[in-house]
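A.B. asks: how would this look folded up:
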Amino acid sequence: MSKSRIVYLNGTYVPENEARISIFDSALMFGDMVFEMTRSFNKKQFKLREHLDRLYIGLKILRIPEPMSKSDLEKKCHEVIEINEPMFTDDDEHRIMVNVSRGPLGIYAPMFGGKIESTIVVADIPLRMTVAGFSKFYDQGINCVIPSQRSIPAHLMEPKIKNRSRMWYQMANIEVSQYEGDNNWALLIDPDGFITEGTGDNFFIIEGNKIISPEGRNILRGISRDYTKQVTKELGYEYIEKNIEPYDVYCADEAFITGTPFCIMPVTSLNSVPIGTGKFGQITKKLLDHWSSNVGLDIEGQIRSWDKAGSLRPDKPTPYQFKPK
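C.D. replies: Model prediction:
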């Protein structure tokens with residue numbers, strides 16, 4: 001049995017470290033690729049179909065030919081999980097990554113016998129690789145920092161398409177990496193000065209019993225963000241979407257972010273100014289605990305146990321933080 005995880009790539013299964021995409025691919029030339037990344041709970045995929053629904057909307061808008069039907073791609077994801085399961089430990093979770101581009105640009109067609117097809121990749125990595133070191137945020141919280149880099153508004157480039165052209169996220173992370181302290185994550189605002197999102201997460205504040213999220217206009221409408229609406233209603237809190245300014249964050253009782261790998265993480269300060277008590281808020285904790293109850297797994301406890309076992313990630317850039325050398 002191969003010791004390398006297996007990736008589905010353009011109709012074949014190859015070892016993870018041998019998966020290659022052409023240097024002439026539109027993904028490299030333009031960042032012209034849509035993608036999704038999922039997670040499992042107790043090895044069962046969570047909201048996989050919703051992730052694929054969003055991916056296919058992106059394909060439609062960007063006119064990228066569908067490489068296969070949505071149902072077939074869903075089956076392919078489960079096949080990749082089944083192939084790789086023997087290489088996962090009992091407490092690992094499957095983080096599926098699906099990338100689809102339109103393939104090599106047309107001017108390079110002669111190099112491919114005149115046949116240009118979409119590029120599709122389905123990979124499967126242990127979730128713990130993404131959330132390594134995150135347990136400290138339950139104790140210390142995240143300090144969101146607003147950089148000078150602005151979100152790209154929808155009238156310039158649609159952020160609701162989850163795509164690989166994300167240089168403005170990286171620019172924000174690089175700037176925030178210069179900020180004093182360790183737990184700093186970028187929080188972007190749009191050209192009108194309203195809070196939008198992080199560089200891989202959605203943002204919320206809590207005022208009394210109201211859970212408030214920025215309008216879905218200039219943000220990626222996250223799958224976890226949508227599920228938070230459900231959790232909020234199940235607990236009897238009011239959910240509101242409206243424009244949020246930094247001032248509103250400073251005045252809030254609590255704040256948190258959501259994202260597929262970690263579900264919910266507490267934000268305890270903005271630009272080093274404490275939010276509420278400056279600690280993991282009680283309502284934020286209730287939301288996370290209820291989510292855990294719904295999926296039959298202690299989300300916080302799982303991340304803590306992985307960190308206790310040892311970090312798998314080198315001190316290098318991540319989707320959430322830029323790690324300068």
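A.B. asks: CA only for contacts and neighbour counts going forward, please
C.D. replies: OK.
A.B. asks: Quick check: can you list the domain ranges of the chain?
C.D. replies: Here the domain assignment for the chain is 6-126, 136-309, based on automatic domain parsing.
A.B. asks: can you tell me the distance between the two ends of the last one?
C.D. replies: Going back to what we said before, that points to domain 136-309. Distance across domain 136-309, first residue to last, is 14 Å (C-alpha to C-alpha, to the nearest Å).
A.B. asks: go on, the first one?
C.D. replies: Its first and final residues considered, domain 6-126 spans 12 Å by C-alpha to C-alpha.
A.B. asks: coming back round to it: mind putting the domains of the chain into JSON lines with distance to Phe322 and mean pLDDT?
C.D. replies: Shown next, in JSON lines, are the domains of the chain (distance: least, C-alpha to C-alpha, whole Å; pLDDT from 0 to 100):
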{"stretch": "domain 6-126", "distance to Phe322": "20", "mean pLDDT": "96"}
{"stretch": "domain 136-309", "distance to Phe322": "5", "mean pLDDT": "97"}
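A.B. asks: Deepest in the core, which of the ones you listed is it.
C.D. replies: Scoring the domains of the chain by mean neighbour count under mean count of other C-alpha atoms under 10 Å gives domain 136-309 as the most buried, with a mean of 19.
A.B. asks: Run the chain-centre distance for that one.
C.D. replies: On the basis of C-alpha atoms, centre = their mean, to the nearest Å, domain 136-309 sits 11 Å off its chain's mean C-alpha point.
A.B. asks: Tell me which of the domains of the chain lies nearest to Thr318.
C.D. replies: Nearest to Thr318 among the domains of the chain is domain 136-309 (9.2 Å), distances taken as C-alpha to C-alpha.
A.B. asks: Which residue ranges of the stretch 201-325 of the chain form strands?
C.D. replies: In the stretch 201-325 of the chain, strands defined by DSSP state E, counting those that start in this stretch lie at 202-207, 210-213, 238-241, 254-259, 263-270, 273-274, listed in chain order.
A.B. asks: would CSV of the ones you listed with distance to Leu127 be doable?
C.D. replies: As requested, the strands of the stretch 201-325 of the chain are arranged in CSV below (distance: least, C-alpha to C-alpha, whole Å):
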stretch, distance to Leu127
strand 202-207, 19
strand 210-213, 26
strand 238-241, 29
strand 254-259, 13
strand 263-270, 12
strand 273-274, 30
